[in-house]
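**Q** Fold the following and give me the result.
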Amino acid sequence: MELRPPPIDELGNVIPHDHEEISNEDFVIRGISDHFIKYVNSRRRLTSMTYKTSSGSSPGMSVDFGRMMVSENIDLGRRYTSGNWLGAVELQVGFLRGLGLQVGYRPIDNNPYHCEVWGNLSGKISKRIQKSAHWCIEIPGVGLF
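**A** Got it, this is the predicted structure:
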């Protein structure tokens, strides 16, 4: 499965956008590393930072395009339990867009499935995203919230 390239500015940077080939029925996957897990009342759970802007030069939340990976028979269990990943959550694109966010394709050198979620990822919005998340690859002993 191939998607049209994202729009870029005169410097070659991807412009935040809603990619029309990513439908509201699609899902995106957010990989979970140990820095997204904290202890609260002796329980391990995902932090709200899981659903905020990623670190680095990107202005959005980094995710992967689920339908594209599934169509290419990517082993999600293997992908999200190796390297820095401990597991992953799934987010519905239509829900994210309903919060006024944009979901766009933004492939990077080592990840052709990479997308971004752009917009106001404030604490209130992040909490709503957190409550809508489902495990894609569950991390044993860790709660979603």
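
**Q** CA only for contacts and neighbour counts going forward, please
**A** Noted.

**Q** What strand or helix carries the spatially most central residue of the chain?
**A** Centroid-nearest residue in the chain, with Cα atoms, centre = their mean: V63, separated by 2.6 Å. Using DSSP states H and E, V63 sits within strand 61-65.

**Q** Mind listing the strands that strand pairs with, and their directions?
**A** Its sheet considered, strand 61-65 pairs with strand 27-32 (antiparallel), strand 114-118 (antiparallel) by DSSP bridges.

**Q** Dump it to PDB, keeping only the CA atoms.
**A** Taking C-alpha atoms only, strand 61-65 is exported to PDB below (Å, rounded to 0.1, in the frame of the first residue of the first chain):
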ATOM      1  CA  MET A  61       2.500  13.200  18.200                       C
ATOM      2  CA  SER A  62       4.300  10.400  16.400                       C
ATOM      3  CA  VAL A  63       2.200   7.400  15.400                       C
ATOM      4  CA  ASP A  64       2.200   4.700  12.800                       C
ATOM      5  CA  PHE A  65      -0.500   4.000  10.200                       C
END
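
**Q** which residues are contacting the next helix-or-strand element following that strand?
**A** Sequence-wise, the next helix or strand downstream of strand 61-65 (DSSP H and E) is helix 66-71. Helix 66-71 is touched from outside by 1-2, 26-29, 76, 113, with contacts defined as Cα atoms under 8 Å, 6 or more residues apart in numbering.
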